[in-house]
Every structure is written in structure tokens, then in C-alpha cells.
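[1] I would like the atomic coordinates for the input below:
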Amino acid sequence: LAVHIQTSRALMVISLLLGFFGIIVSVVGMKCTKVGEEDPVTKSRIAVAGGVLFILSGLCTLAAVSLYAAQVTYEFFRESTVPINARYEFGSALFIGWGAASLTVLGGSLLCCSCPAKERRGQQYYRQSQPSTAREYV
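    Sure, this is the predicted structure:
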């Protein structure tokens, strides 16, 4: 096979593996699961790690699909003896790949937003005590 096809294949396999591990890490990092630490900050950091894996997976998919689309475009506009009706065109798989990459990056970005802000981290562990009623001594 041509080099661009093998490269696209390798990027898609890497993307699938990153997405699979992203799913596992994200499920472990969700607040509703009992797997892993009970510490909410640690769980949110695990969820952020899953989001990073999803973003990397989406970028690998985007690179693979765009590389193949660039090669199709190059072959289409190159002057050759191949008639126009026998040349490759963009298929629906390319558009599905671009859409999947966009949604994967968007989902990973949303998971990365689950990390608590630095000023709120201390408030998760300490409850503010209720104001005590003041007794008046007369």
C-alpha cells in the first residue's frame, strides 16, 4: 500500500487505542463511580487525564483523515493520464472522520473542564461551621 494509507492506518489505530484508554480512565475518574480514590480532587484529576487522552485521540483522527484528504486532493488536481471520472473524490467516510474528530476533541475538552479551581479545592474538605447563636449575658 501507499505510504499515506499506511500512515493513516497507523494514526487511526493509535487513535482507537487512545480512545479506549480514555474511556477507561474517564469512567474511573467520574464522581459517580466507587473505583479508585474517594478524594474528589484525585477523581477530578483522573477525569482530566481521560479528557487529555480523548483530545489526543481526536487529534490523531483529525491528522489521519486530513492526510488522506490532502492526498486525494493532490491526486485529483495533478495532471495525469487518468480520466476525470476515474479519479478519487471525497467520500462520506472523510466527513464522518472529521465529525468524529471534532466531537472527540469537544468531549475531551469538556472532561478537562471538570478540574476544580485552585481556590475551591480547600472548600471541598472543610465544611463551614454554622454560626452559633450568641447568648446575651445580662
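
[2] alpha carbons only for contacts and neighbour counts from here, please
    OK.

[3] Show me what counts as buried in the helix or strand hosting residue 73.
    For residue 73, the element it lies in under DSSP states H and E is helix 40-77. With burial defined by 16 or more other CA atoms under 10 Å, the residues of helix 40-77 counted as buried are 40-41, 43-69, 72, 76.

[4] now swap in stretch 92-103 and tell me
    94, 97-98, 101-102.

[5] what's in contact with it?
    57-59, 61-62, 65, 69 (CA atoms under 8 Å, 6 or more residues apart in numbering).

[6] Likewise for stretch 35-50?
    Contacts for stretch 35-50 (CA under 8 Å, 6+ apart): 21-31, 108, 111-116, 121, 124.

[7] Looking at the residues you listed, which are in helices?
    21-29, 108, 111-112, 121 (DSSP state H).

[8] Make sure residue 19 is actually in contact with residue 54.
    Yes - applying CA atoms under 8 Å, one finds residue 19 in contact with residue 54, separated by 5.6 Å.

[9] which residues are common contacts for the two?
    Going by CA under 8 Å, 6+ apart, no residue sits against residue 19 while also sitting against residue 54.

[10] how about low-confidence regions in this structure?
    For the chain, the stretches with pLDDT under 70 are 37, 79-89, 116-138.

[11] mind running it again at 80?
    35-39, 75-90, 114-138 (pLDDT under 80).

[12] just to revisit the earlier point, of the contacts of stretch 35-50, keep whichever come out buried.
    The buried subset of those (16+ other CA under 10 Å) comprises 21-23, 25-31, 108, 111-112, 114-115.

[13] And those residues, which is closest to residue 7?
    Nearest to residue 7 among the buried ones among the contacts of stretch 35-50: residue 21, at 21.3 Å, using CA to CA.

[14] quick one: that closest one from residue 50, how far?
    Distance of residue 21 to residue 50, given as CA to CA, to the nearest Å: 8 Å.

[15] try residue 23
    Taking CA to CA, one finds residue 23 at 7 Å from residue 50.

[16] repeat for residue 61
    17 Å.

[17] got a list of what residue 14 touches?
    Residue 14 neighbours (CA under 8 Å, 6+ apart): 57, 60.

[18] ok, and it, which helix or strand is that part of?
    Per DSSP H and E: helix 3-29 holds residue 14.
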